[in-house]
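Asks: Please work out how this folds:
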Amino acid sequence: MTTHHAIPNVTLNNGIKVPQLGFGVFQVPPEETQRIVEDALEAGYRHIDTAAAYRNEAAVGAAIAASGIPREDIFLTTKLRNGEQGMAQEAFQNSRRALGVDYVDLYLIHWPVPSRNLFTEAWKAMEKLHASGQIRAIGVSNFLANHLEALLQSADVVPAVNQFELHPTFQQSELATKSRSLGIAVEAYSPLGQGADLDAGAVTSVAGRYSVTPAQVVLAWHLAQGTIVIPKSANTDRMRDNLAAVGVVLTPEEIADITGLEAGARIGSDPAVAAHSQM
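Replies: Prediction:
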């Protein structure tokens, strides 16, 4: 029997609440996305994270529509493609139409792409969309400290979220601290290190002690630090297991042991140089 724990919320810097444990659809094939997102919503997820670059926004929107869950009960995130930073208004409207919604809860600049130097221009367009009520919160993804500083020099709105790669063997702790010091919530993608961090002794020993899964232990570690987290799974049992991580409470010693796994093991691209168009 699965005990259902309420998913805690994180309150963003503009007062909007986001379910701390969400569901990501990165690398979920478009033809499978509707079924998988319907399963996630049925399992109890109320925070779905997609992106224009994933090419599955329409399927996410179809799942939300088919679920019968009121739109205001679902927190929906999508992201601006790198190649569309110079046309963020239009790109956003294309995403909103693909999703079949009147508004998006969180819209992120997907990567800074510093070589193109367009992210401040994109942010200005996003600030207008935010002011118009079409986006409830605006934020960034993969922004390093210097990118945040450059953005804040001209920004009227401080980003609500910085979503970046964060897991026990790659924590970017200085970036997390910097983001939080600016009032920017930290959201982890690849929170389980794409599975690579689940075999660590510091994780498996805790899992054994509490009779929970290694993934639940790692997610509990994230949650304990106030990090928003968006694990992905196509397996409905694992979806439910991941959601149940909110009921796993680690001791300070267990948290410290997992934090001790830091190894500088980046999986994704380096935002300092990443310049893929995503088109």
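
Asks: Measure how far stretch 8-26 is from the centre of its chain, please.
Replies: Relative to the chain's own centre, stretch 8-26 is displaced by 8 Å; criterion: Cα atoms, centre = their mean, to the nearest Å.

Asks: gap between the two ends of it?
Replies: Stretch 8-26 stretches 23 Å from its first residue to its last (Cα to Cα, to the nearest Å).

Asks: again with stretch 243-259
Replies: Start-to-end, stretch 243-259 (Cα to Cα) is 21 Å.

Asks: Pull out the buried residues from it.
Replies: Using 16 or more other Cβ atoms under 10 Å as the test for burial, stretch 243-259 gives 243-246, 248, 250, 254-255, 257-258. Any C-beta I mention is one placed from the backbone N, CA and C, and that applies to glycine too.

Asks: same question, stretch 15-31
Replies: Quick answer for stretch 15-31 (16+ other Cβ under 10 Å): 18-26, 28.

Asks: which ones among those residues are found in helices?
Replies: Counting by DSSP state H, the buried residues of stretch 15-31 place none of their members in helices.

Asks: related to what we said a few turns ago, need the buried residues of stretch 243-259 in CSV with secondary structure, pLDDT and distance to residue 132, can you?
Replies: CSV is the format used below for the buried residues of stretch 243-259 (DSSP: H, G, I helix; E, B strand; the rest coil; pLDDT from 0 to 100; distance: Cβ to Cβ, whole Å):
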residue, secondary structure, pLDDT, distance to residue 132
243, helix, 96, 34
244, helix, 96, 38
245, helix, 97, 36
246, helix, 97, 34
248, coil, 97, 40
250, coil, 98, 42
254, helix, 98, 45
255, helix, 98, 41
257, helix, 98, 47
258, helix, 98, 42
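
Asks: any chance of those in CSV, plus distance to residue 115?
Replies: Formatted as CSV, the buried residues of stretch 243-259 follow (distance: Cβ to Cβ, whole Å):
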residue, distance to residue 115
243, 39
244, 42
245, 38
246, 40
248, 42
250, 40
254, 41
255, 38
257, 39
258, 35
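
Asks: about what we covered before: quick check, nearest of the buried residues of stretch 15-31 to residue 62?
Replies: residue 25 (12.4 Å; Cβ to Cβ).
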